[in-house]
Every structure is written in structure tokens, then in C-alpha cells.
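Peer 1: Below are the sequence and a predicted model for it; my questions follow.
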Amino acid sequence: MSSTSSLSLPILNENESTEIVPFATGLSQQFDGTDKTCRLVTLGCKVNQYETQLVYETLQKNGFREARDGENADLCVVNTCTVTHTGDSKSRQVIRQLARKNPGTRTLVMGCYATRDPQELTELPGVFEVVTDKRELPDILQRHGIHDMPNGISQFEGRRRAYVKVQDGCILKCTYCIIPQVRPGLQSRSPQDIEDEVRRLIDNGYLEIVITGVHVGHYGVDTTRGKSGKPPFRLWHLFEKLDKIPGNWRMRLSSIEAVEVNDDFISAAANCEHLCPQFHPALQSGSETVLRRMRRRYSIARFLEKLEKMRERLEHPAFTTDVIVGFPGETDEEFEETLQSCRDARFMKVHVFPYSVRKGTKAAEFAKQLPPPVIKERVARLGELERELAMEFYRERIGQTSQVLVERESQRRPGWLQGTDERYVPVELPGKKSDIGSFLQAEGVEAFRDHLSAIQSGQHHD
């Protein structure tokens, strides 16, 4: 469940010890020159990636630049993930690696792992500060001579699309999830701040804006409910507001809970010019009994009904999802129910996560934890179904026109490009290197297991 990206380090594949540097009373005392170097590493979700970018832009304003390959970094920042034990392990590995490769560096650690177990991270090499509450980050940085954290980002280093965090926190109580403990409560950003940030990113050349958060569907719940006296302003009001920004750009929602897809949401989505017709309602399990043990808030029938309502109003929408395989007590029959629910939902993509015990969650205390070989076999079966469902969706796009954001040259076909269309379909099509970073209109011609082959609209296909 953890991905790792870095502004300066090589990306670690998804699937040592040195002396601890004493705490500094002020980074400004250590970094007196104007040429101060930094290295930043992110583990985990889109929200973490956004927050790292915000820190990076703060450092830039304070005279820092990225350390070059082979150059020592004065300051390292690690944004950690704690969704799984793997996230914890990778976070510790990265911190040790940075201390070893950047002798004398000082490492600031933030993120969900930092909130969950600050003491463990404080004891790692080079760590001088552990941020347990990201709301305190501006004050912590200021204490160390780093001032003026911006109210949003202006770029998204190394990417063709930009993420915009609109809210933080989760108040649900799913039995498998540690996130409500490390990101408690709800905090929604003001619509105007979000709009200003999106406009800035578009002006700086970003063609796709991904609206993200810890629980995006709860955007606005904390600021316009109860006794606030303010009229409701929810997620669909936000993307209606952003849709009024002119230009050739598009926005995408990172995720949405099916129970939060109401008629207002669907109507707004159907009428938004810039909103991509791809949605990510997290299923987690396709078995009613497993969903109850997970303490999820919907039935399978209700979940599927929401998807069909969206299909009625939107033009061939794509649905992607998350599924946890091997939840405690999951029987063969319950797993078969999950397979069938995925078929019924006609997902284009399924992110398959093997269940792993997360200490501090209710599910960690459940009996009947499944043996790893059983989980591995089920992950493989669901993965095979996912490829079949993706192929079905790609076939439906043959002969249809899509807008492809070109991201890179193809590694397997000289003279071809790779990109992603508005439905999140990976597309390969012929083109020039100069097309990278732009939109191309494409027509699907052939479906493969992992992508759709296309031609630019208006070209002939023999």
C-alpha cells in the first residue's frame, strides 16, 4: 500500500547504523551560506506527496536547492507512511540510507508513522526533529530558521499532473485502518484557497489536477455543518466551482466513498466540463459478512446501485477500486463473493492489497488470521480477474475518441508515446517527443492486457 517517491533520490521499488546527530537549536546556525542543499523522500499516498511538495517550496523560498547526484545534502526530509508494517519498514530504511549517504546531514521526519511512533523514529541516525502533528509544521520550521510556508503549491516536481490536497483527517472506524488514529478529526481548506492554488498550477502548465485528501468525500463537513450557520459546501460544490476555471485542463477525483455519491454529486459530475469520468469508490471487500467485520458503511447491493446511477448519467465512466484480500476469517465462499462483486461492478482497475496486521486496529485482535500462502493465492486470483476486467474496458474504447495526457516515450515501441486518458486508461500512440506534456486526441484501435493502443484522431489505421 506504500509507494515511495523522491525529489532527489531514485524511486524505490514498491514491492546500518551511524551516529545520531545531536538536536540542533537552529538550522539557520548550521546553514549560514546561501547554497543550502536538501533531499526529500516521500512514502505513501497522494496526500503525503502533496505535503512534501509544500515543504519543498518552503525550503526553496528559504534558499535551499536540491542536492545533486553524489552531493551531500545539508537537510533531509522524510515523509513517512504507516498504513502497513511495510510502510514503517521502508520509512526506517530510507532514514538510515539518507544518514549513510549524506554524512552529517540532519533529517526531519514527518508523516503518519511520525505521528504514531515518534520515539522510535527519534532514535534513528541523523534525526533531529520528528513532526507528530503536521499542523505544527510551520512553527517547527520557523523555530529552525525556515520561514514563510506558502498557502499552497505552485508546481509538482517531476510530474505531469499535480495533486491538490483539499482536506485532512478521517472520522470513520474501519477495523483494519490506523489512519483515523494518526490523522484524526476533519479539516477542510477554504474553497478560495483551493481555487487560487488550482489556477496557479494551471497557469504553470499543469494540464491535470487531482483533487485529493485523506477522506475527500467529507470535504466541507467540518466547516458547514451543525451550528456553523454557513450554507452547505460539499465536494460537489467544490468541483462545480473549480469547473468554472477556463482553459484546456482537466480535474480528477482521487477517491470517493460510494455512500457519499448522492444525486447532487452525480448531477454535478454530469455537468462538469473539466471533471474526468473516472471515479474510485473503495469496495475493500465484495462480501457482505466481511464488510460488516470491516465496519464498512454500505451493502454490496447499494454499492452497485450507486455505480449504475452514475453510468446512467455519465458517458461511459470508468470505475477503479481498492480491495483487501485475506481479511481475518475470510472464507473461500466470502472470497468468491468478492470476485463476483468485482465482476458485477465491472471495475476497470482493482488495486489489490493483501491484508496485513496493523497493531492498534480492531482487526489485529480478530481470531482466524489467514496464513500467508492462502492470501497470496487469492491475491493472484483477483489480480488475474482485474486484468480480464481491464481488457474488457479497453475493448469498449476501441473506435472511441479520448483525450490523452502524454507523459513519456514508450519503452517498447520506438516513435510511440505513453500517456493516460480521462478515464485513467493507459494509452500508447505514435507521436513526437515534443508532444510530451500535452493533450492528444486519440482513437483506440487495439486492446492489450496492460494498455490501449491508439492512433491520433484523424489519422488512418491500416
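Peer 2: Sure, I can see it. Residues are numbered from 1 along each chain as shown.
Peer 1: Just list what the helix or strand hosting residue 239 packs against, helices and strands only.
Peer 2: Per DSSP states H and E, residue 239 falls inside helix 235-243. The contact analysis (3 or more CB pairs under 8 Å, 6 or more residues apart in numbering; DSSP states H and E) places helix 235-243 against helix 191-203, strand 208-213, strand 250-253, helix 263-271. C-betas here are computed from N, CA, C, even on glycine.
Peer 1: Let me see the mean pLDDT of the third one.
Peer 2: Taken as a whole, strand 250-253 has an average pLDDT of 98.
Peer 1: Kindly report the same for the first one.
Peer 2: Mean pLDDT, helix 191-203: 97.
Peer 1: If we go by neighbour counts, what in that helix is buried?
Peer 2: For helix 191-203, the neighbour count (16 or more other CB atoms under 10 Å) marks 191, 194, 195, 197, 198, 200, 201, 202 as buried.
Peer 1: that older thread, show me what counts as buried in the helix holding residue 239.
Peer 2: For helix 235-243, by 16+ other CB under 10 Å, it's 235, 236, 237, 238, 239, 240, 242, 243.
Peer 1: Would you convert the buried residues of helix 191-203 into CSV that also reports distance to residue 442?
Peer 2: Listed next are those as CSV, based on distance: CB to CB, whole Å:
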residue, distance to residue 442
191, 34
194, 30
195, 30
197, 29
198, 25
200, 29
201, 24
202, 22
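Peer 1: What is the burial count for the closest residue in space to residue 156 that isn't next to it in sequence?
Peer 2: Excluding its sequence neighbours, the residue lying closest to residue 156 (CB to CB, 6 or more residues apart in numbering) is residue 162, at 3.9 Å. When neighbours are defined as other CB atoms under 10 Å, residue 162 has 25 of them.
Peer 1: what's the helix holding residue 239 in contact with?
Peer 2: For helix 235-243, the external contacting residues (CB atoms under 8 Å, 6 or more residues apart in numbering) are 166, 191, 194-195, 198, 209, 211, 216-217, 219-220, 251, 253, 256, 260, 264-265, 267-269, 271-275.
Peer 1: May I see the PyMOL selection of the buried members of those residues?
Peer 2: Filtering those down to the buried ones (16+ other CB under 10 Å) takes a single PyMOL command:
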select buried, resi 166+191+194+195+198+209+211+216+217+219+220+251+253+256+260+265+268+269+272+274+275
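Peer 1: for this structure, longest helix please?
Peer 2: helix 372-396 (DSSP state H).
Peer 1: mean confidence score for it?
Peer 2: 97.
Peer 1: Past it, which element shows up next along the chain?
Peer 2: strand 401-409.
Peer 1: For that next one, the averaged confidence score.
Peer 2: Here the average pLDDT along strand 401-409 is 97.
Peer 1: residues touching the residue lying closest to residue 436 once chain neighbours are set aside, list them.
Peer 2: With sequence-adjacent residues excluded and distances taken as CB to CB, 6+ apart, residue 436 is closest to residue 406, at 5.2 Å. With contact taken as CB under 8 Å, 6+ apart, residue 406 is in contact with 160, 417, 418, 419, 431, 435, 436, 437, 438, 439, 440.
Peer 1: Buried members of those residues into ChimeraX, please.
Peer 2: Buried residues within these, by 16+ other CB under 10 Å, are selected in ChimeraX with:
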select :160,417,418,419,431,435,436,439,440
